[in-house]
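> Curious how this folds, go ahead:
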Amino acid sequence: MLSESSCEKQQCTEGPLTGIRILDLTRILAGPFCTMLLGDLGAEIIKIENPDGGDETRNWGPPFINGESAYFLSVNRNKKSIAIDIKTAQGRDLIKKKKASVIKDFVLSYPKMKFHSSLDTAQK
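Below you'll find the model as predicted:
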């Protein structure tokens, strides 16, 4: 299920990265913060989350804002979210079909995850 992005809720202006789609497979802080900034610059960010509960930071708190983790909200603005199990072939195929300009992943966090991404494999 896709969640609404900030741009759908309010009038957004185009930025230097408008037209660029980034698949965000990051978690915790550094990666989500990076992709949030790219979204601030106009990129379309699609956050790929675990289907078994989503990003674990969704439940970190308090504080909570309207039932949502302030921590999660603070680094995930300007993003759409979708739950895909990237450990399965079907999940990896779904990611390939998203036709991203860039895939930002978490290879350092999960070195044994056999999901490789690079600018060379991203579809335009």
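> if I look at the nearest residue to Leu25 once chain neighbours are set aside, how far off is Leu73?
Closest residue to Leu25 apart from its sequence neighbours, by C-beta to C-beta, 6 or more residues apart in numbering: Asp105 at 4.3 Å. Bear in mind the C-beta positions are built from the backbone N, C-alpha and C, glycine included. Going from Asp105 to Leu73 by C-beta to C-beta, to the nearest Å gives 22 Å.
> Which one's more surrounded, these two?
Between Asp105 and Leu73, counted using other C-beta atoms under 10 Å, Asp105 has the larger neighbour count: 20 against 15.
> Wait, the more buried one touches Arg27, no?
No. If you go by C-beta atoms under 8 Å, Asp105 and Arg27 don't touch, sitting 10.1 Å apart.
> Run through the neighbouring helices and strands of the lengthiest helix in the chain.
In the chain, assigned by DSSP state H, the helix with the most residues is helix 30-40. If contacts are counted by 3 or more C-beta pairs under 8 Å, 6 or more residues apart in numbering; DSSP states H and E, helix 30-40 sits against strand 21-24, strand 44-49, strand 79-83, strand 102-104.
> May I see those arranged in TSV, with mean pLDDT and mean neighbour count as well?
Converted to TSV, the helices and strands packed on helix 30-40 look like this (pLDDT from 0 to 100; neighbours: other C-beta atoms under 10 Å):
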stretch	mean pLDDT	mean neighbour count
strand 21-24	93	24
strand 44-49	94	23
strand 79-83	95	18
strand 102-104	77	20
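> Indicate which one of these is closest to Gly91.
Nearest of those to Gly91, taken as C-beta to C-beta: strand 44-49 at 8.6 Å.
> Mean confidence (pLDDT) on stretch 63-76, please.
Across stretch 63-76, the average pLDDT comes to 95.
> what about that stretch, how long is it end to end?
16 Å (C-alpha to C-alpha, to the nearest Å).
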